[in-house]
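Colleague: based on what follows, work out the 3D shape:
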Amino acid sequence: MKSNDLRGYRVVAVHAHPDDEVLFTGGTLADMAARGAEVTVITATLGEEGEVIGTPYQGLCNADQLGGFRARELSDALDILGVHGIQLGGFGFFRDSGMEGSPAHENPRALVRRIDEAADLLREHFVQLRPHIVLTYGPDGGYGHPDHIAVHQAVHAAAAPDQRIWWAIFERGAHYSALETIGAPEGWRKPDRSYLDNFTNEGADVEYRLDDAALAAKRHAMVAHATQIWVADSTVTQTNPVAAAAAIGDPAASPSAYGLSNLLVMPLLRAEHYQLGQGEPAEALLEGL
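Modeller: Modelled structure (predicted):
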């Protein structure tokens, strides 16, 4: 059992879609919650435009049922991480806008069309929750997703001028190094340089190391998002009953691996990385607060 050294701290993470909370910040959130912090994840959309991994539920997209399914995945993942969850505006209030150029941008509920509304709602939550820190994306949304960029803009519009904001990133050097130790599962491949450079950012102000418990919570929460994340350690689920296994050459660098619907293998790192988005510089997320 961990100490309660973070009791009294309040942490809020704001993300665009179910699964972003675990991919970008899951280990950090699990560790802080286990150490007594009050941790809340605010999710803007239901991720209706996502693709589905696994044969049994492929029809969810055609039936426009994926959002409801992902709401359940999100609830399960948040329980695993031990954190609270808020759906911004309520379930279905904002809709996944899809990638750049997607027809989903034209939906009147699309998040990219309603950034000011999102900011107003976030401002109300920030006043109520009084977070010491807010975790979200940088200006590029991590890898350019329009909804991630919209969340970044809404968070910064909603936050008080003295609010400390950290941008969660996939740190480039750490990913390149870890990928050298991993072999892709059969039928998968490693990402090329253009993909990986778009998916990652150079440099981090804070590296948040994950102990075994936080790393395990992150991995289990990734498994909960089975329509979106395929954990390549032979895990099977009802959603995706097919096993994939990556070759792990150095567990100290990357003890596991995963892929999205593109079947590009990515390392599960023993750390998460952050750049300072707003506030006084610090060497740790909660330092000086």
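
Colleague: from residue 173, how far out is residue 253?
Modeller: 12 Å (Cβ to Cβ, to the nearest Å). Using the backbone N, CA and C atoms, a C-beta is placed for each residue, glycine as well.

Colleague: in which helix or strand does residue 125 reside?
Modeller: If you go by DSSP states H and E, residue 125 is part of helix 115-129.

Colleague: now do residue 267
Modeller: Counting by DSSP H and E, residue 267 is part of strand 266-268.

Colleague: still on that earlier bit, quick one: which of residue 253 and residue 173 has more around it?
Modeller: residue 253 (17 against 12; other Cβ atoms under 10 Å).

Colleague: quick revisit: the next helix or strand along the chain from the strand holding residue 267 - contacts with which helices or strands?
Modeller: Towards the C-terminus, the helix or strand next in line after strand 266-268, according to DSSP H and E, is strand 271-278. Strand 271-278 sits against helix 20-34, strand 164-169, strand 206-209, with contacts defined as 3 or more Cβ pairs under 8 Å, 6 or more residues apart in numbering; DSSP states H and E.

Colleague: dump the ones you listed to a markdown table, plus mean neighbour count and mean pLDDT.
Modeller: Listed next are the helices and strands packed on strand 271-278 as a markdown table, based on neighbours: other Cβ atoms under 10 Å; pLDDT from 0 to 100:
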| stretch | mean neighbour count | mean pLDDT |
| --- | --- | --- |
| helix 20-34 | 26 | 98 |
| strand 164-169 | 24 | 98 |
| strand 206-209 | 16 | 98 |
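
Colleague: redo those as CSV? Include distance to residue 66.
Modeller: CSV is the format used below for those (distance: least, Cβ to Cβ, whole Å):
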stretch, distance to residue 66
helix 20-34, 15
strand 164-169, 24
strand 206-209, 31
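
Colleague: quick one on the thing from earlier: give me the residues contacting the helix holding residue 125.
Modeller: 10, 12, 14, 40, 42, 44, 86, 88-89, 94, 111, 134, 150-151, 153-155, 157-160, 163 (Cβ atoms under 8 Å, 6 or more residues apart in numbering).

Colleague: hmm, 6 Å instead?
Modeller: 10, 12, 40, 88, 89, 150, 153, 154, 157, 158 (Cβ atoms under 6 Å, 6 or more residues apart in numbering).

Colleague: same check on stretch 223-237?
Modeller: By Cβ under 6 Å, 6+ apart, stretch 223-237 touches 19, 50, 52-53, 73, 76-77, 80, 185, 222, 239-240, 243-246, 256-259.

Colleague: filter those to the buried ones?
Modeller: 19, 50, 52-53, 73, 76-77, 80, 185, 222, 239-240, 244, 246, 256-259 (16 or more other Cβ atoms under 10 Å).

Colleague: where do the strands sit along this protein?
Modeller: Using DSSP state E, the strands of the chain run over 10-15, 38-43, 84-87, 133-136, 164-169, 182-183, 206-209, 230-231, 247-248, 256-259, 266-268, 271-278.

Colleague: orientation of the longest one relative to helix 20-34 in degrees?
Modeller: For strand 271-278 and helix 20-34, the angle between their directions (axes from the mean of the first three to the mean of the last three Cα atoms, to 10 degrees) works out to 90 degrees.

Colleague: neighbouring strands - and their directions - for strand 271-278?
Modeller: Sheet pairing for strand 271-278, assigned by DSSP bridges, gives strand 164-169 (antiparallel), strand 206-209 (antiparallel).
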